[in-house]
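Visitor: Pasting the sequence and the predicted coordinates here, then a few questions.
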Amino acid sequence: MKLQYVFTILSFLILLVLHGSTTSAQGPAAAPAAPIAPVAAAPAPPGPTNVTKILEKAGQFTLLIRLLKSTQVADQLLGQLNNSNNGMTLFAPTDNAFSSLKSGTLNSLSDEQKVELVQFHIVPTYLTSSQFQTISNPLRTQAGDSGDGKFPLNITTTGNSVNITSGLTNTSVSGTIYTDGQLAVYQIDQVLRPLQLFAPRPPAPAPAPAKSKKKKASVVADSPDETPADNSKAAAVQNIVLFGVAAVVGAIYL
Ligand SMILES: *[C@@H]1O[C@H](CO)[C@@H](O)[C@H](O)[C@H]1NC(C)=O
Ligand SMILES: *[C@@H]1O[C@H](CO)[C@@H](O)[C@H](O)[C@H]1NC(C)=O
Ligand SMILES: *[C@@H]1O[C@H](CO)[C@@H](O)[C@H](O)[C@H]1NC(C)=O
Ligand SMILES: *[C@@H]1O[C@H](CO)[C@@H](O)[C@H](O)[C@H]1NC(C)=O
Ligand SMILES: *[C@@H]1O[C@H](CO)[C@@H](O)[C@H](O)[C@H]1NC(C)=O
């Protein structure tokens, strides 16, 4: 009785196995490999996201791609995506955005400045559209610390629209190209021109507010900008200081 059961079950199992192997043999040979696949394919998926590929697929970013490649920022991005837990956000200007720049704009930049221009469009954090609403300005971009005022980038939102300003360029996010939790690519319709590279340079007035602070720190360095009266005062102070130092040195050695 029991043996009979065992036998029936066994033959049923054998049938199942035989059936399985014949059907899979007829298949495209992919099925039997399935259990091994995750192990064999493992090295491929963890590779960092290829930004160039994403932009190529999206179309209308050929000029940005060219810049990303020629400045080697594309490679930097790959490495950073691979090594960062914070992710990355790229504001991608379209081809139209680049062609609406004043002609010769890109050519007027040095290689280093081109790198800065591209890096100015990259924020070293993954930003979702809802994070735009609570972001604190100015943002830090890859071009440098915004704290020194050279590369400020501000984001403000009204309803669903996300405005971006560099101080020279006002634009807004016009589309989401890609997001995967690590990398976000947003389309913008103007190239963000950082103050550091494109600010009009009227001679002295700009640094003026900082002068009063700097004066104490380095009297000598600032003296060319001072009025003659200031200059003589500065010189007097300098002389007194020198005299003081000489006196002290003298006192030590005599
Ligand atoms: C990224 O994609 C581009 C375009 O598809 C390709 O030329 C490049 O070799 C890729 N880079 C890497 C590191 O896979
Ligand atoms: C990604 O990072 C891992 C470990 O940090 C490293 O072994 C690998 O070469 C990196 N890949 C790329 C494409 O940078
Ligand atoms: C965003 O820009 C639009 C026009 O470009 C403007 O009307 C709107 O007031 C701006 N919103 C914010 C929050 O700056
Ligand atoms: C960016 O935001 C900071 C902080 O709110 C502000 O001080 C600065 O003037 C803003 N810059 C621009 C270009 O909007
Ligand atoms: C950008 O927007 C600010 C505030 O809305 C405005 O003061 C400034 O003139 C605008 N700049 C340009 C270049 O449109």
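Guide: Yep, it's here. Numbering: from 1, shown residues only. Ligands and ions are numbered 1, 2, ... in the order given.
Visitor: When you work out contacts or count neighbours from here on, use the C-alpha atoms and nothing else.
Guide: Noted.
Visitor: Against ligand 2, how distant is S84?
Guide: Taking CA to the nearest ligand atom, to the nearest Å as the measure, S84 falls 9 Å from ligand 2.
Visitor: Oh, that last question was meant for A97, not what I typed.
Guide: Taking CA to the nearest ligand atom, one finds A97 at 30 Å from ligand 2.
Visitor: what does P93 give?
Guide: Counting by CA to the nearest ligand atom, the gap from P93 to ligand 2 is 25 Å.
Visitor: With N137 instead?
Guide: 31 Å.
Visitor: Doesn't that residue belong to a helix?
Guide: No. N137 is assigned coil when assessed by DSSP: H, G, I helix; E, B strand; the rest coil, not a helix.
Visitor: how about it, what does it touch?
Guide: Applying CA atoms under 8 Å, 6 or more residues apart in numbering, we find N137 in contact with 153-155.
Visitor: Just among those, which is most surrounded?
Guide: Neighbour tally across the contacts of N137 (other CA atoms under 10 Å): the maximum, 25 neighbours, falls on L153.
Visitor: Touching, that residue and L168? I think so.
Guide: No. L153 sits out of contact with L168 when judged by CA atoms under 8 Å, with a separation of 10.0 Å.
Visitor: Can you check which residues contact both of the two?
Guide: P194.
Visitor: Now pLDDT and distance to R66 too, for the contacts of N137, in JSON lines please.
Guide: Formatted as JSON lines, those follow (pLDDT from 0 to 100; distance: CA to CA, whole Å):
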{"residue": "L153", "pLDDT": "92", "distance to R66": "23"}
{"residue": "N154", "pLDDT": "93", "distance to R66": "26"}
{"residue": "I155", "pLDDT": "94", "distance to R66": "26"}
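Visitor: Those residues into a markdown table, with extra columns for secondary structure and distance to F120?
Guide: Output for the contacts of N137, formatted as a markdown table (DSSP: H, G, I helix; E, B strand; the rest coil; distance: CA to CA, whole Å):
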| residue | secondary structure | distance to F120 |
| --- | --- | --- |
| L153 | strand | 8 |
| N154 | strand | 12 |
| I155 | strand | 13 |
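Visitor: Of the residues you listed, which ones also sit close to ligand 2?
Guide: Taking CA under 6 Å from any ligand atom as the test, ligand 2 is in contact with none of those.
Visitor: Can you tell me which of these is closest to ligand 4?
Guide: The closest of those to ligand 4 turns out to be N154 (CA to the nearest ligand atom; 4.8 Å).
Visitor: List the contacts of that closest one.
Guide: N154 is in contact with 137-139, 164-166, counting by CA under 8 Å, 6+ apart.
Visitor: Repeat that for L195.
Guide: By CA under 8 Å, 6+ apart, the neighbours of L195 are 150-152, 166-168.
Visitor: Among those residues, which one is most surrounded by other residues?
Guide: F151 (26 neighbours).
Visitor: What about the closest residue to it other than its chain neighbours, how many residues nearby?
Guide: Excluding its sequence neighbours, the residue lying closest to F151 (CA to CA, 6 or more residues apart in numbering) is P194, at 5.5 Å. Close neighbours of P194, defined as other CA under 10 Å, add up to 23.
Visitor: when you give positions from now on, start the count at 735
Guide: Sure, I'll start counting at 735 from here, so that last one is P928.
Visitor: Phi, psi for A792 please.
Guide: Main-chain dihedrals, A792, degrees, to the nearest 10: phi -70, psi -30.
Visitor: what's around it, how many residues?
Guide: So A792, with other CA under 10 Å, has 12 neighbours.
Visitor: Now it. Nearest residue, chain neighbours left out?
Guide: I911 (6.9 Å).
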